[in-house]
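following is a predicted model, sequence given first.
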Amino acid sequence: MKTEQAETQDATKDALLDAALLHVPFDGWSEATFHAACQDTGVDRVLARAVFPRGAVDLALAYHARGDALMVQRLKVEDLTGLRFRDKIAAAIRFRLEAVDDKEAVRRGTTMLTLPQYAGDGARAIWGTVDTIWTALGDRSDDINWYTKRASLSAVYTATVLYWLGDDSLEHQASWGFLNRRIDNVMQFEKLKAQVQGNPLLKPFLAGPNWLADQIKPPTKAADNLPGSLTRRR
């Protein structure tokens, strides 16, 4: 259960973010937007810096995190029974993009988070989204597949977002078609990988790499940083 202080902090964050979104289409995720949000909400700038230390970039990341949370909420209520797993993945990405209420805010955020000084933040945000998807769908990978699944989906998600930003088709049908094709590409690669692994002629050559891959484990706790650990989880 959250403390009263934590709830107050969350309310301050939400108020600043909501106010900032009114200015992002004009000023982007900038210091001008951050200062305007403080003025609109009446939140003292010192307090605002306490919850968003880096100002605009932290506001943009908070907006991204809000979208992830909305996606998870929808995944909990939607009935995905009977869908193939690849279709569940496609649905999750679609839900994530449909959670966006302002495409311009995403466009401005994408532009900012590709700048060299924020590229690491952008990569972590995308990784966080795809990790949230896999976790919500029940992924229990305990080896290198934990990483390869997220790396593959990161590429699919990033490409789909960029396509979606320029898509003006009815209800973004072109984007969903693009998404399905990208997932099909990944599935074809996974099928090829399984064929290679199952080839008896190649097993002697794959023994070493497979042993090494088996030693790679996912992060053991939330505080662990990527890319993870070579130590087995106990």
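Okay, I see it.

continuing past the helix or strand where residue 11 lies, what's the next helix or strand?
Secondary structure from DSSP states H and E places residue 11 in helix 4-21. Remark: after helix 4-21, the chain's next helix or strand is helix 24-27, criterion DSSP H and E.

quick check: buried residues in that following helix?
By neighbour count on 16 or more other Cβ atoms under 10 Å, the buried set for helix 24-27 is 24, 27. From N, CA and C alone the C-beta is placed, and that goes for glycine too.

quick one: contacts of the helix or strand where residue 38 lies?
In the assignment (DSSP H and E), residue 38 maps to helix 31-41. When contacts are taken as Cβ atoms under 8 Å, 6 or more residues apart in numbering, the neighbours of helix 31-41 outside the stretch itself are 15-17, 19-20, 22-24, 27, 43-45, 48, 52, 55-56, 59.

what's the angle from the helix holding residue 11 to helix 31-41?
Using axes from the mean of the first three to the mean of the last three Cα atoms, to 10 degrees, the interaxial angle of helix 4-21 with respect to helix 31-41 works out to 120 degrees.

which strands and helices sit next to helix 4-21?
Helices and strands touching helix 4-21, as assessed by 3 or more Cβ pairs under 8 Å, 6 or more residues apart in numbering; DSSP states H and E, comprise helix 31-41, helix 45-51, helix 56-77.

ok and the longest one relative to helix 4-21, angle-wise?
If I follow you right, that is helix 56-77. Orientation check (the same axes, to 10 degrees): helix 56-77 against helix 4-21 gives 110 degrees.

need the contact partners of helix 56-77.
So helix 56-77 is contacted by 13, 16-17, 20-21, 28-31, 33-34, 37, 52, 91-92, 95-96, 98-100, 105, 108-109, 112-113, 118, 121, 125, 128-129, 132-133, 136-137 (Cβ under 8 Å, 6+ apart).

may I see the ChimeraX selection of the buried members of these?
One line in ChimeraX is enough to select the buried ones among those; burial here means 16+ other Cβ under 10 Å:
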select :13,16,17,20,21,28,29,30,33,34,37,52,91,92,95,96,99,100,105,108,109,112,113,118,121,125,129,132,133,136
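
which of the helices and strands packed on helix 4-21 sits closest to residue 159?
Among the helices and strands packed on helix 4-21, the nearest to residue 159 by Cβ to Cβ is helix 56-77 (17.1 Å).

tell me the first helix or strand C-terminal of the closest one.
For helix 56-77, the succeeding helix or strand toward the C-terminus, using DSSP H and E, is helix 85-98.

got the contact list for that next one?
When contacts are defined by Cβ under 8 Å, 6+ apart, helix 85-98 is touched by residues 67-68, 70-71, 74-75, 78, 80, 83, 129, 133, 136-137, 153, 156-157, 160-161, 164, 172, 175-176, 179-180, 183-184, 187.

only the buried subset of the residues you listed, as a PyMOL command please.
Buried residues within those, by 16+ other Cβ under 10 Å, are selected in PyMOL with:
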select buried, resi 67+68+70+71+74+75+129+133+136+153+156+157+160+161+164+172+175+176+179+183
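
check contacts around residue 111.
With contact taken as Cβ under 8 Å, 6+ apart, residue 111 is in contact with residue 28.

and if you look at residue 180?
Residues counted as contacts of residue 180 (Cβ under 8 Å, 6+ apart) are residue 90.

where's it relative to residue 186, distance?
As for residue 180, its distance to residue 186 is 11 Å (criterion: Cβ to Cβ, to the nearest Å).

again with residue 85
According to Cβ to Cβ, residue 85 and residue 186 sit 12 Å apart.
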